[in-house]
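*Asks:* build me a model:
(chains A and B)
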Amino acid sequence: MEKLLIVDDSSTMRKIIARSLRQAGFDIGEIVEAENGQAALEKLGEMTVGMILTDINMPVMDGLTFIENIRSNPSWDKTPIVVITTEGAESMTKEAIKKGANNLVKKPFTPEQIKEKLSPYFA
Amino acid sequence: MSSLKNEEGAGLLDRISVAILTLSSDDMRKLGEILSAFESLKRLAEKEGLGSVAEAARAADAVLTALLFDDGVRARWDEAVRIVSRIAVFCQGACRGEKVDPAALSTLREEIRQSLSIDLGESEESPGGAKAGEDAGPASVPLDQDGDLYKDFVTESIEHLEGIEVKMVDLEADPGDREIINAVFRAFHTIKGVSGFLNLKDVNELSHRTETLLDLARRGDLAVTAAVIDVVFEAIDEIKGMVRDVSARIASGEASRPLKDIRALAARIEAVQEGSGEPPAPSSPPYLGDVLVAQGKATRRDVESAWEKKQESADPRPLGEILIEEKKVSPKGVAQALRVQKAGGAAAEAQDIRVDVQKLDSLVDIVGELVIAQSLVCNDPDVAEIDSQQFYRNISQLGRITSELQKIAMSMRMVPIRNTFQKMSRIVRDLARKSGKEIALALSGEETEIDRNMIEEIHDPLVHMIRNSVDHGIEPPDARKAAGKPECGRVTLRAYHHGGNVVIGVEDDGRGLDPAKILAKARDRGLAGVSSPLTESEVFSLIFEPGFSTAEKITDISGRGVGLDVVRKNVEKLRGTVEVKSSQPGSGSAFYMKLPLTLAIIDGIIVRVGAQRYVMPTNNVVEALRPKREEYFTVEHRGEMIRVRGDLLPLVRLHGLFSVADAVRDPADALAVVVEYEGRKRAILIDELVGKQEVVIKTLGEGMEKMRGISGGAIMGDGRVGLILDVAGIFDLTGRQAACV
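*Replies:* Residues are numbered from 1 along each chain as shown, chains lettered A, B, ... in the order given. Model prediction:
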C-alpha cells in the first residue's frame, strides 16, 4: 500500500497506531498524520492514500464530519476508513459506521488485533 | 393498525433486502448502510403510528449494533444476519398491507434474546455488546518498554492538563459553555485513550471516570456546579501527580510503578454525578452555602449536612433558616451572606489584591536569580557525581518548581492589552473628526496579555501606526464612494500571541500601498538604488527608512517628516520588528509589530571574545560566517570592511570596542556575526559562537548604566557574568564609519 493516513488529535496516539501497524508487518510506504478532520482533508487534497484510520472525538473537525466529507467525494468513496474507537463511544462509532466507515478498532488494541482487523484491506 | 402503504417504506426495505443479500462477513460499511436504512424505517413507522414496524426496526438495530461491538455475536455472523433478514421480511409484509401478526414479531425478539443473547429491553443507545467495565484483558499490555512513548505521553498529558486548567477557570465564569466542557472532555478522553495502552491503569481509570462525568455535562444531563468543577480540578491534580510520577520513574530508569489508589476520588466523582439533578443550575447568583463557607461563617460540612437534611425531609424552608435553627450560623451571618449572594457574589471572595509594581519587578528579578542558581547547582560537576536516584528525583522536582515559579512570576506582570486598545479608540475618533473622515474602529484580541512594562512602550508606536492608517490609508468619504467602497472606513486593531511573541496589528481598508510610488519616492530621496530590483516587501519596508514620507499634503496628523522610521526605532528598542502588508492598491494595508512577551528575558546568542562572554540579542543577528582573507578590505575613510554576499559591511572589532586583550585579531581566523538594526548591517568580529540561551536581563550597577554598547548583564549557565550587547549602541559608537551604507 502506498500511503496511509492516521487522523487523531493526540500525537502519542498517532505514534502508537503507526507503531502497531509497523509491528503488524503491513507493507506501508508512508504514514501521513493529521491532528483533526480539517487538517486531514487539507492533506488529502494533495495526494491519494490507500487507507484512513481516524479517531472520532477531535477538535476543529470531528471524525464523523470528516467521514461525511470523504464519502461525499466520489474519488475517495472507495478508500477504506477504519474508526479507532474507545469503550463508551459506541453510539458515536455506530454513527461513523452509518456514515460509511468500513470497520472499527477498539482502543486499547494489540498489534495482533490491528493485524486481524486490517489484513483484508492489505490483500 | 392498518397497512403501511408507503412507497418510501417499501423503497427502504428493498434497499435493505439487497444489502443483506450481498452482505459478506465483516463488511461493516454495508452494515452501516443497513443500519441507516433501518433507522429511517423506524422513524417513518413512528411517524405513521406503526408500532410493530418501529419495534421490528429497533430489534434489527440491536442485532446490527451487536454485530459491530460484540465479538460473541460477530462470531455467529450468518445467524445474526438471517434474523435481520427475517425482520426485513416481516416489515415488508406490513408495508404491502398484509395483516401484521404480532406473534411473529415476538418470536423474532425471543430468538434474538435466546440465540444471540442480546438484551432488547434496553434502549437503542446502549448496544448489546460492550459491557461497561469489560476487562480489556491482555490488550493493555504496553506496546514497548523503551520509555519513548511514555515520555511523549507525559509531555502531551501535561500540556493537555495545563490547558484545561485554564479552561476550567473560564468554565467557572460561564458554567453553561458547551464548547469549554467539550474541550475539557476531549482532553480527558485523549489521556484515557493513551494511558490505556501504556498500562497506566490508575490514570486510565481516573480519566475514564472524569470523562464520564463530563460527558453527562456535555449532553446537558448534569449541571456544572461548583462541586463538579472542584472534583474535576481534583482529578486534574491527581492525574498530573501520576503523570509526573511516571516521568520521574522513567527518568530514574525504574521498570515498574505502583498504582495510585483512586477510590476516594472516584467516590467523590460518583457522588457529584449522583447528585446531578438536584441542585438547580448555578447561574449568576452563588449558593448561599458557598458564600457562607467563603466568608468563614460556616464549615463546608455544616452546610452540606444541612442541605442533606433539607433534601431528605423535603424541608421547604430555605437553607439559611435551617442553619440558623441548628445554631451553626448566626442570623446576622446569614443575612450578610444573602446580601452577598444577591449582589451576584461579587464580594464573596477577594479575588484581586493590589501590589506595588516595584515589588512585582523585584519578584521577577529574584526568581530570575533563583533560576540561575538552580541551573548552577544542577550543572555543578560535583553534583553530577552524586549517585542517588532519590537525589535526582528531588533535583528534577526542584527544576520543575523553579520553572513553574518563573512562569507564574512572569504571568503576574502580564496584563490584557484591552486598556491600551480602548485608549486608541478615542484617538481614532478624534483623528477621524479632525480629518473629516468617517472611520469605524474594530478591536480584536483585547484579551491578549502583554508585559505590563511594555504597555507604555508600545503606546507611541501604536498611535503612530494608527495615525498613519487614518491619515494616509483611509480615503476621504467621496474618494471611497468613487472607488465603490462604503463611505465609512474601517480600522482594525488586532492583538494575538504567535510563537512566544505578541503581535499587534493595525489594519485598514484604505487605499493601500503603491509600490511604484514608494519606489519612486525612495529613489528621489536617495533611499534606494536605481538599478537593483527589489521585492515588494523590500519596497514596502522602505517606508520605515528615516526621511521617507509620501504624504503630499502636510496635515495636522502626520506627514511632517516624523515618519514611520520612529515606529521602527521604538519597536526595535523593544527587541521587536515591524512589518507592513498590502496586497494590492485600493484594498487596504496592515501594519504589524511583533514584540517579545516580556522585556525581562532575552533570547540571546552567546559569543566569546578572548576570555569575555557577550550576549547578542538573537533578533538582531542575521548570520555568522568566517570571512575569507580576500573578502576583507580596508577602505579609505571608512575603515575595515568585509564582503558578505556581495554587500560591503563595516567590520566592528568587539575586542577593540571593549579593550579585550587576548582576542583573535586576524579576521580570517575569527568569526563575523552579521547584525542588523534599522535596516543597516554590520559585521561584528568575535572569536567563537558559544551557544544559544535565554537569559534574564539584569541592570548593571551604578556608574555602569552609561556604558555604551552594553544594555545589561546576565548570569550565564556556568555562573559567570556575560554582558548583553546593545546593538543600537554599537551602531552609534561606530556610526562615523558607516554613514553611507
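
*Asks:* all contacts plus neighbour counts: C-alpha atoms, from now on.
*Replies:* Will do.

*Asks:* in terms of helices and strands, where is the residue most central in space within chain B?
*Replies:* When Cα atoms, centre = their mean is applied to chain B, the residue found nearest the centroid is residue B:163 (7.0 Å). If you go by DSSP states H and E, residue B:163 is part of helix B:148-173.

*Asks:* what helices or strands is that helix leaning on?
*Replies:* Counting contacts by 3 or more Cα pairs under 8 Å, 6 or more residues apart in numbering or on different chains; DSSP states H and E, helix B:148-173 is packed against helix A:11-23, helix B:178-197, helix B:226-251.

*Asks:* give the rounded mean pLDDT of it.
*Replies:* Across helix B:148-173, pLDDT averages out at 81.

*Asks:* how about stretch B:108-127?
*Replies:* 69.

*Asks:* swap in stretch B:606-623?
*Replies:* 88.

*Asks:* for the residue nearest the centre of chain A, what are phi and psi?
*Replies:* Against the mean C-alpha coordinate of chain A, by Cα atoms, centre = their mean, the closest residue is residue A:53 at 1.0 Å. The phi/psi pair for residue A:53 (degrees, to the nearest 10) reads phi -110, psi 120.

*Asks:* who's in contact with it?
*Replies:* Contacts for residue A:53 (Cα atoms under 8 Å, 6 or more residues apart in numbering or on different chains) come out as A:4, A:5, A:6, A:7, A:81, A:82, A:83, A:84.

*Asks:* who wins on neighbours among those residues?
*Replies:* residue A:7 (29 neighbours; other Cα atoms under 10 Å in any protein chain shown).

*Asks:* now do stretch B:393-404: distance to the chain's middle.
*Replies:* 24 Å (Cα atoms, centre = their mean, to the nearest Å).

*Asks:* list the buried residues of it.
*Replies:* B:393, B:399, B:402, B:403 (16 or more other Cα atoms under 10 Å in any protein chain shown).

*Asks:* what about stretch A:66-80, how long is it end to end?
*Replies:* Across stretch A:66-80, the terminal residues are separated by 13 Å (Cα to Cα, to the nearest Å).

*Asks:* chain center to that stretch: distance?
*Replies:* In terms of Cα atoms, centre = their mean, the centre of stretch A:66-80 is found 12 Å from the chain centre.

*Asks:* cool, stretch B:21-39 as well?
*Replies:* 41 Å.

*Asks:* for it, the averaged confidence score.
*Replies:* Mean predicted lDDT for stretch B:21-39 stands at 86.

*Asks:* list the contacts of that stretch.
*Replies:* By Cα under 8 Å, 6+ apart, the surrounding residues in contact with stretch B:21-39 are A:94, A:97-103, B:12-13, B:15-16, B:19-20, B:57-58, B:60-61, B:64, B:68, B:77-78.

*Asks:* now, the residues you listed that are in helices?
*Replies:* Using DSSP state H, the members of the contacts of stretch B:21-39 that fall in helices are A:94, A:97-98, B:12-13, B:15-16, B:19-20, B:57-58, B:60-61, B:64, B:68, B:77-78.

*Asks:* just the buried ones among these, please.
*Replies:* A:94, A:97-98, B:12-13, B:15-16, B:19-20, B:57-58, B:60-61, B:64, B:68, B:77.
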